[in-house]
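# sequence-free structure coming up:
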């Protein structure tokens, strides 16, 4: 079997899409899997994969191709937006059915369970939280309910003390919360959403940071499946990087502050053939609610939340449309899909405009980073360098754009310039592992061995503050433990010279 056959298999049976220009990433991952499975040659490992039963093959591949980077109450705005809707569902039906699709190591479904326990501490209700994933190792860890400090970035100390107890250097979730979640294997690319712990429909489906790895056809298929499995009025929560009208047209898009939800409800969508306008017909009930309580939602009693980061845009024919001022979610989705030019065009037109008062600078910085990475992937290094410098102008005290600029200068052969930018990054954030690690490698490339050793040692000290199983940001899924081995090996290499 050839690696190309494996690429097609991974797309067809796991739903993980690698365009041709990213085939080298798959090759790197499979090479790693082959070595760790004690195969000398990658081709032998590929032949082995196709000789075992499909369930075993999928399990082996999922172990290396799925990323376990998550934490409790990730993208907290989604949970906050859903709270009043959950109260409405429970008050109306006396029950609640939720599915966490692509649950990883369990932080998301357990977060849902904790939220429900906080909302209904004494109330008895029929509750079902179904959690599924394709990675058996993730499901085993989720069922065990034991977590490192890295998983608690989104949890207050009070909640941590209330629902977890220390066990060595980790924390175990309480039996009460653990009993609220049912875990099982499910391949979202398999075509059948048969859930052993649930046979009906759902009020809410979470599927966040999963669709970004799928092909366009599979995204459409998966979201259509979610639509069919939702009760009328139910919600679909996607990751912010996955929001696209390409596959969510059957849903009503509900914009909240810092998040978006998709609701299954009957709406009339009318497309104008020339201007591309979309109009929504609201029900008479919705109109009355808006008229009787301006700025309030009669349904939930909470302030009505309007779409954020929107601005009016005049067209040549005098018609006014609304557009997001920094559409980083859409751009990230396009970038992750390999549609670099489309992502670049979206971001160039919006980031060229100075930020407005009250605009989210965090979102704008995120958009800068996506643009720089898209330009780099498209081969326009000079323009990527220009936008790095613009990013630095707006974020002078953050190391991220100095690091990006240094990498680009290094690729362009400007070693001195790369060192200067990384020194600035280390000055701003001395405990930044990536900044120290990259600086050490550039010094090695420039034959400045002693300086390289100094920053490798600093990088090693920083890694000592992480749990070995924690996935390091900006390392494409590498754990602190594995990275520690890399740094130690580099230090030995320098010492042996």
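Noted; the coordinates are in hand. For clarity, every value in this text was computed on a predicted model and none was experimentally measured.
# Excluding chain neighbours, give the residue nearest to the residue most central in space within the chain in space.
Compute the mean C-alpha point of the chain, and by CA atoms, centre = their mean the closest residue is residue 209, 4.0 Å away. Excluding its sequence neighbours, the residue lying closest to residue 209 (CB to CB, 6 or more residues apart in numbering) is residue 239, at 4.0 Å. Where you see a C-beta, it was placed from the backbone N, CA and C, and this is true even at glycine.
# gap between the residue nearest to the centre of the chain and residue 367?
For residue 209, the distance to residue 367 equals 18 Å [CB to CB, to the nearest Å].
# For the stretch 301-450 of the chain, just list every one of the strands.
310-314, 320-324 (DSSP state E, counting those that start in this stretch).
# Distance from the chain centre to the strand or helix carrying residue 89, please.
Following DSSP states H and E, one finds residue 89 within helix 76-93. Distance of helix 76-93 from its chain centroid, counting by CA atoms, centre = their mean, to the nearest Å, is 22 Å.
# What residues sit buried inside that helix?
Counting neighbours by 16 or more other CB atoms under 10 Å, one finds that the buried residues in helix 76-93 are 78, 79, 80, 81, 82, 85, 86, 87, 89, 90.
# Same check on stretch 227-243?
Going by 16+ other CB under 10 Å, stretch 227-243 has these buried residues: 227, 229-230, 234-243.
# what do you get for stretch 376-395?
Within stretch 376-395, judged by 16+ other CB under 10 Å, the buried ones are 376, 377, 378, 383, 384, 385, 387, 388, 390, 391, 392, 395.
# how many other residues sit next to the closest residue to the fifth one other than its chain neighbours?
Using CB to CB, 6+ apart and skipping the chain neighbours, the partner closest in space to residue 384 is residue 375 (3.8 Å). Here the count is done by other CB atoms under 10 Å, and residue 375 has 24 residues near it.
# same deal with residue 7?
20.
# now residue 484
Neighbours around residue 484, by other CB under 10 Å: 16.
# got the contact list for it?
460, 463, 464, 468 (CB atoms under 8 Å, 6 or more residues apart in numbering).
# From residue 455, how far out is the residue nearest to residue 449 when sequence neighbours are not counted?
Excluding the flanking residues, the one nearest residue 449 by CB to CB, 6+ apart is residue 494, at 5.7 Å. Remark: distance between residue 494 and residue 455 (CB to CB) = 11 Å.
# Who is residue 252 paired with across the strands?
With DSSP bridges as the criterion, residue 252 is bridged to residue 263.
# tell me the mean pLDDT for stretch 9-16?
Across stretch 9-16, the average pLDDT comes to 76.
# Start at 9, not 1
In the new count, where the first residue is 9, that last one comes out as stretch 17-24.
# Show me the contact partners of that stretch.
25-26, 34, 58, 62, 66, 69-70, 73-74, 142, 195-198, 221-223, 226, 230.
# can you do 10 Å?
9, 15, 25-27, 34, 37-38, 54, 57-58, 62, 65-66, 69-70, 73-74, 142, 195-199, 218-219, 221-223, 225-227, 229-230 (CB atoms under 10 Å, 6 or more residues apart in numbering).
# Overlap in contacts, residue 502 and residue 463.
With CB under 10 Å, 6+ apart, residue 502 and residue 463 have common neighbours 448, 451, 452.
# Nearest to residue 136 among those residues?
residue 448 (50.6 Å; CB to CB).
# Check the contact between residue 37 and residue 70; I expect there is one.
No: with contact defined as CB atoms under 10 Å, residue 37 does not count as touching residue 70 (11.6 Å).
# quick one: which of those two has more around it?
residue 70 (20 against 17).
# Just to be sure, that one is in a helix?
Yes: using DSSP: H, G, I helix; E, B strand; the rest coil, the assignment for residue 70 is a helix.
# still on that earlier bit, which of the buried residues of stretch 235-251 fall within strands?
Secondary structure from DSSP state E places 238, 242, 243, 244, 245, 246 of the buried residues of stretch 235-251 in strands.
# Would you reformat those residues as TSV and include pLDDT?
Output for those, formatted as TSV (pLDDT from 0 to 100):
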residue	pLDDT
238	94
242	95
243	96
244	96
245	95
246	92
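# of all these, which comes closest to residue 186?
residue 245 (22.2 Å).
# how close does the closest one get to residue 444?
From residue 245 to residue 444 the distance is 37 Å (CB to CB).
# Could you do residue 33 as well?
25 Å.
# same deal with residue 250?
For residue 250 relative to residue 444 (CB to CB), the value is 33 Å.
# now do residue 206
Taking CB to CB, one finds residue 206 at 47 Å from residue 444.
# same check, this time on residue 402
Taken as CB to CB, the span from residue 402 to residue 444 is 24 Å.
# quick one: contacts for residue 495?
With CB under 10 Å, 6+ apart, residue 495 has these contacts: 441, 444-445, 448, 463-471.
# Adding neighbour count as columns, could you present those in CSV?
Shown next, in CSV, are those (neighbours: other CB atoms under 10 Å):
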residue, neighbour count
441, 23
444, 26
445, 25
448, 26
463, 23
464, 24
465, 14
466, 21
467, 26
468, 19
469, 13
470, 20
471, 22
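# With respect to residue 50, which of these is nearest?
Using CB to CB, those come closest to residue 50 at residue 445, 26.8 Å.
# Spit out the contact partners of the closest one.
Neighbours of residue 445 in contact, by CB under 10 Å, 6+ apart: 430, 463-464, 466-468, 470-471, 480, 482-483, 491, 494-495, 498.
# In these, which has the lowest confidence score?
residue 483 (68).
# Return the distance of residue 61 relative to residue 68.
Taken as CB to CB, the span from residue 61 to residue 68 is 11 Å.
# For those two, indicate the residue with more neighbours.
residue 68 (17 against 8).
# My understanding was that the more buried one contacts residue 56; is that so?
Yes: contact between residue 68 and residue 56 holds when scored by CB under 10 Å: they sit 9.0 Å apart.
# Find the residues that touch each one of the two.
Joint contacts of residue 68 and residue 56 (CB under 10 Å, 6+ apart) are residue 45.
# Run the chain-centre distance for stretch 215-231.
That offset, for stretch 215-231, works out to 13 Å (CA atoms, centre = their mean).
# got it, and stretch 151-165?
18 Å.
# same question, stretch 117-124
For stretch 117-124, the distance to the chain centre is 19 Å (CA atoms, centre = their mean).
# what about that stretch, average pLDDT?
96.
# Ok, stretch 270-288 next?
Per-residue scores along stretch 270-288 average to 45.
# before we move on, what about stretch 393-410?
Mean predicted confidence for stretch 393-410 is 87.
# From one end of it to the other, what's the distance?
This stretch, stretch 393-410, spans 10 Å end to end (CA to CA, to the nearest Å).
# and what of stretch 206-217?
23 Å.
# which residues of the stretch 309-458 of the chain fall in helices?
336-344, 348-359, 369-385, 389-402, 408-419, 423-436, 441-453, 457-471 (DSSP state H, counting those that start in this stretch).
# any chance of the buried residues of stretch 235-251 in TSV, with distance to residue 420 too?
Shown next, in TSV, are the buried residues of stretch 235-251 (distance: CB to CB, whole Å):
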residue	distance to residue 420
235	47
237	50
238	50
242	51
243	47
244	43
245	41
246	37
247	33
248	32
249	28
250	33
251	34
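# with the residues you listed in mind, which one is nearest to residue 418?
residue 249 (27.0 Å).
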